[in-house]
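K.L.:
fold the following and give me the result.
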Amino acid sequence: MKLNYLKYKNKTAFHYAKLEGLVMGGKKPNNLVESVDRALTILEEVAKSEGEVGVTELGNRLDMHKSTVHRLLNTLSYRGYIEQNDETESYRLGLKLLELSNKLFDGIEIRSLAKPHLQNLMEQTKETVHLVVRDGDQGVYIDKVESPQTIRMSSQVGSRVPLHCTSVGKVLLADLPENQIKALLGEEKLKAYTENTITEVDAFIEELKEVTQKGYAVDNSEHERDVRCVAAPVKNFTGTVIAAISVSTPAFRFSLQDIERMSVPVRDAALGISKRLGFIP
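P.N.:
Next up is the predicted model:
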């Protein structure tokens, strides 16, 4: 089923309409609860609307009595699924739906969605590829595709890495507000792993601004000597960064300029995964 995003006011409305198309169908059950069915029908109709919609218009669209529509809207509003504009008295989707949809999309097994992209990226670069998520103040490898090269980066799925000196960590932090970044890393000097590690918090914040601007991050032997990495963000349908993918290589095989150029296929792979998660660029 094709849906035109442009006819919806925002991505949230688009995705609810999209989900509606995915979940509707099948045989109508004999024990259908009419009041619940009507409430969900109203919810879906509000999602289709551009902006807000009033009780009378909803009643006309759905061929429901105005009092029935009003009663069901009040119930949905009480539970947070619908919000009413106090000035216009019209209705729009509530934030409760966004909360539920986040749980749905977060529950999608990102590893299975990402695997073909990780494999393809490794075949393009011939270097080790990682998929990483943030857990507090650390990054966790949740999947990898090993390089076929004899000399390659050594890592294990499940192992943890610091955020401030890895390309994946920079990508995972760059999406956060500055106060949250400082809360995670602290206000004092950051631990130096090599002579290239950025240890000043303010300098690191400036580095993250550059990461946001470029759309990728580089680790120039900042965590491990003689290892260079480039990473790009994986986003969910709301545009939130939920993971990072990276290519890691021995420094002797790739100069800093080479690793910068490698950002192109890395970003392409990250975008491919993001689109599978519902992200619309």
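K.L.:
pretty sure Val227 contacts Ala251?
P.N.:
Yes. Here Val227 lies in contact with Ala251, judged by CB atoms under 8 Å, at a distance of 6.2 Å. Where C-beta positions appear, they are placed from N, C-alpha and C, glycine not excepted.
K.L.:
neighbour count for these two, which is higher?
P.N.:
Ranked by neighbour count (other CB atoms under 10 Å), Val227 and Ala251 place Val227 first, with 19 against 16.
K.L.:
please report how far that one lies from Thr249.
P.N.:
Distance of Val227 to Thr249, computed by CB to CB, to the nearest Å: 7 Å.
K.L.:
what's the answer for Thr88, then?
P.N.:
57 Å.
K.L.:
who's more crowded, the two?
P.N.:
Counted by other CB under 10 Å, Thr88 and Thr249 do not tie: Thr249 has more neighbours, with 24 against 11.
K.L.:
sheet partners, orientation included, of the helix or strand harbouring the more buried one?
P.N.:
Assigning secondary structure by DSSP states H and E places Thr249 in strand 241-250. Its sheet considered, strand 241-250 pairs with strand 128-135 (antiparallel), strand 227-235 (antiparallel) by DSSP bridges.
K.L.:
next one: phi and psi at Asp219?
P.N.:
phi -110, psi 100 (degrees, to the nearest 10).
K.L.:
contact partners for it?
P.N.:
By CB atoms under 8 Å, 6 or more residues apart in numbering, the contact list for Asp219 reads Cys165, Thr166, Ser167, Lys170, Val227, Arg228, Cys229, Val230, Ala231.
K.L.:
cool, and Lys275?
P.N.:
Going by CB under 8 Å, 6+ apart, the list of residues near Lys275 reads Pro281.
K.L.:
again with Ser159
P.N.:
Val140, Tyr141.
K.L.:
endpoints of stretch 162-171, how far apart?
P.N.:
12 Å (CA to CA, to the nearest Å).
K.L.:
got the contact list for it?
P.N.:
So stretch 162-171 is in contact with 130, 132, 134, 137-139, 161, 172-173, 184-185, 190-191, 193-194, 197-198, 204, 207-208, 211, 216-219, 222-223, 229-233, 241, 244-246, going by CB under 8 Å, 6+ apart.
K.L.:
from the chain's centre, how far out does it sit?
P.N.:
How far stretch 162-171 lies from its chain's middle: 17 Å, per CA atoms, centre = their mean, to the nearest Å.
K.L.:
that's all I had, so thanks and see you.
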